[in-house]
Every structure is written in structure tokens, then in C-alpha cells.
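A.B. asks: everything below, folded, please.
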Amino acid sequence: MSDSSGKIRWGILSSAKIARKHVIPAIQKSHFGKVTAIASRNSEKAEALANEFSIPFHYGSYDELLTSPEIDAIYNPLPNNMHIPWTMKAIKAGKHVLCEKPIGLNARETDHLIQHTVKHPEIKVMEAFMYRFHPQWQLVKSLVDSGKIGNIVSVNSVFTYYKDDPDNIRSDPEKGGGGLMDIGCYCISFARWLTGREPQRVSAFMTNHPQYKVDILTTGILDFGNGLHASFQCSTMSHPAQHVEILGSSGRIHVDLPVNVPADHTCRLLVETDKGSEEIAVDMADQYTLQADYFARSILDNSDVPTPLSDALANMRIIDALVKSADSGSVEHVHS
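C.D. replies: Below you'll find the model as predicted:
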């Protein structure tokens, strides 16, 4: 399933900002894919974007795009509450799906999606945590796995920005809004991916917006057991900041720009050990292009996707437990 040049033909489900600013340009310069179609509920907007990005086909509805014979895979950047419904529709239409994070609103519906994919093993579905494909994170993971900083003791992260907009989907609880769902999910993912372990229990404190009824500040603590903790703060109404600190028994790694890395930005990691400190420069890369190519290769090679849906489910279970902890005021166990 590809065009005559062997490239995966992508359809973009909506005109979301992340698609316009990052994913469409990234796919257009990828090795193994190209954007063939875009859909918007506003047909004029779909046409305008098609013209802007030289996309051959445009549609005035999502359903039209899903039934198009001109595409092989879908990128789904819709609001959180629409991720799973439209991903399932795409699977039914025989399209592979790269879906924005978090893949669902809770673990229950994420598990429902997984059960649906079991019936369609020929279809590839992946949650889009693009940071894992950036060379800086590949280097961090290799340093951690090599024992460069000893045994990991804690992973601490901060991810914040400021946006006060009642019309933004992140301000709508029915659409899966709030800081924890939007950016806190990254902080949870960092700790799980780096350690290869799942937390046993969690604790969270949330500040909710009085009007929007979504969290605008969440502090979370994850207990992995055996002397390993992770903590994070995420906020949608704070001064913009992001960093990750990985503390080991004999060193630490500081990641200064863990998520929103411009494609023309040279990353620098600070690595400190008992033998001294060093700053490591990491070459520029477009993490969205790398993500698209890795996903496309899984389709072309009929191989496993880089990040299985079981990972998405595990992340969502922790989000559920954190929400429960914030509501109960107690430490909550993460249920599998």
C-alpha cells in the first residue's frame, strides 16, 4: 500500500494548528511519505490549505477523506475526545493511523480501541509521542541504558505555557482539555520510557480554572518502587518553561528543551558524573519527520510500530490514577 514511488500517501484529518505548523511540512520532506489529501469541516479552509501546501486532494468532511482511495494512512490531530472515534472509523475504512496524544480520554476507552485493533491486525495504529524520535532523546536513552549515571533515582520534569482562551479546546473539559492531558502526558511518558518501568502508585495536586473547569496546574508524583520516583509540574497558565532532569546514583542528565524542539535547533545536553561534567551538542533534526518515517516504514515493511498501543494504555492508566488522586486527596494505586 503506497504510491508508485513507494511512498505512503497521507491524509490529514482536520486543519489543526499542529498539522499546519509541524506535521504537514514534516511529512512533505520525509523519505517515505507525502501528504496527498486534507479534510476540514470547512471546505474552503481545506481548499486553502491544499493550495498552500500543494496537496492534490481536499475534502469538506472527514468521512470523505476516510473513503478516499488516494490515501494509505491518516494523521489524526482532532480534539482529544475525537481521537478514538475517528481512529476507529479510519481503521474500519482500512487506513493506518498516527493519532495525536493522548490517544483517548481514559484507559477504558483506550483499551476498547486496542480490542478493536486486534480484529484488524493488518492496520498500523500509533500514538504520536514525537519526542522519542529526536536524536537528543535517543542519546539520553542510550546514556541511561549504558549506566552512564548509575541507577536512576528520579526523573523530574516541568512543562508549562500560558494560554487563557475560553474558545480553545484545551479549555473544554468535554473535549479532554486541561494541562495534564495536553502536556502532563509527556512528563509521565518521559519517566516510563527512560526507566522501562511502570509506577505502582501516584499522588497529584490540581488547581482547576474556576470558569473552564479544567486543570491549569498539576503537580504529580509517581512511585515506581525500589527507590525510583518521578515528579512533574505542568501548567497551561504559567510562564513557558520545559526541562527534564534525570538523577542517577552517580550522575545526572539535564535536558533543556525536551519537547518543542525547532527543526533548526542544535540541542545541548548537560551530563554530570563522578568524573566531571560535559555539554553534548546534538545535531539538528525534525522530530516530526523522523516520526512520520518510522511509522511509514512499519507500514511498508509490515513490521511493528515503534510505540505499541499498550504504551498508550499504560500512560492513560497513570493519568486516570492522577486524576483520582487529585479528587480523593489520597495516594492512588495504578491499576492494570
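A.B. asks: for this structure, which helix is longest?
C.D. replies: The helix that spans the most residues within the chain, counting by DSSP state H, is helix 309-328.
A.B. asks: just the helices in the stretch 51-200 of the chain please.
C.D. replies: For the stretch 51-200 of the chain, the helices defined by DSSP state H, counting those that start in this stretch occupy 62-66, 80-92, 107-118, 135-145, 179, 185-195.
A.B. asks: need the contact partners of stretch 244-259.
C.D. replies: Defining contact as CB atoms under 8 Å, 6 or more residues apart in numbering, one finds that stretch 244-259 is touched by 131, 136-137, 140, 143-144, 148-157, 159, 183, 186, 190, 194, 242-243, 265, 267-274. The C-beta positions use only the backbone N, C-alpha and C, and glycine is treated the same way.
A.B. asks: for the next helix or strand after the longest helix of the chain, give the mean pLDDT please.
C.D. replies: Next along the chain after helix 309-328, taking DSSP states H and E as the criterion, comes strand 332-333. Mean per-residue pLDDT for strand 332-333: 98.
A.B. asks: state the distance from residue 153 to residue 86.
C.D. replies: Distance from residue 153 to residue 86, counting by CB to CB, to the nearest Å: 41 Å.
A.B. asks: okay, those two: which has more neighbours?
C.D. replies: residue 86 (19 against 15; other CB atoms under 10 Å).
A.B. asks: now do the contacts for the more buried one.
C.D. replies: 13, 62, 76, 78.
A.B. asks: before we move on, back to that, please indicate which of the contacts of stretch 244-259 are buried?
C.D. replies: Buried by 16 or more other CB atoms under 10 Å: 131, 136-137, 140, 143-144, 148-149, 152, 154-157, 159, 183, 186, 190, 194, 242, 267, 269, 271-273, out of those.
A.B. asks: which residues in the stretch 101-250 of the chain form strands?
C.D. replies: For the stretch 101-250 of the chain, applying DSSP state E, counting those that start in this stretch gives strands covering 125-128, 152-162, 201-208, 215-225, 228-235, 237-248.
A.B. asks: sheet-wise, list the partners of the fifth one with their directions.
C.D. replies: Spelled out, that is strand 228-235. strand 152-162 (parallel), strand 215-225 (antiparallel) (DSSP bridges).
A.B. asks: just the first one next, same as before
C.D. replies: The pairing partners recorded for strand 125-128 under DSSP bridges are strand 96-100 (parallel).
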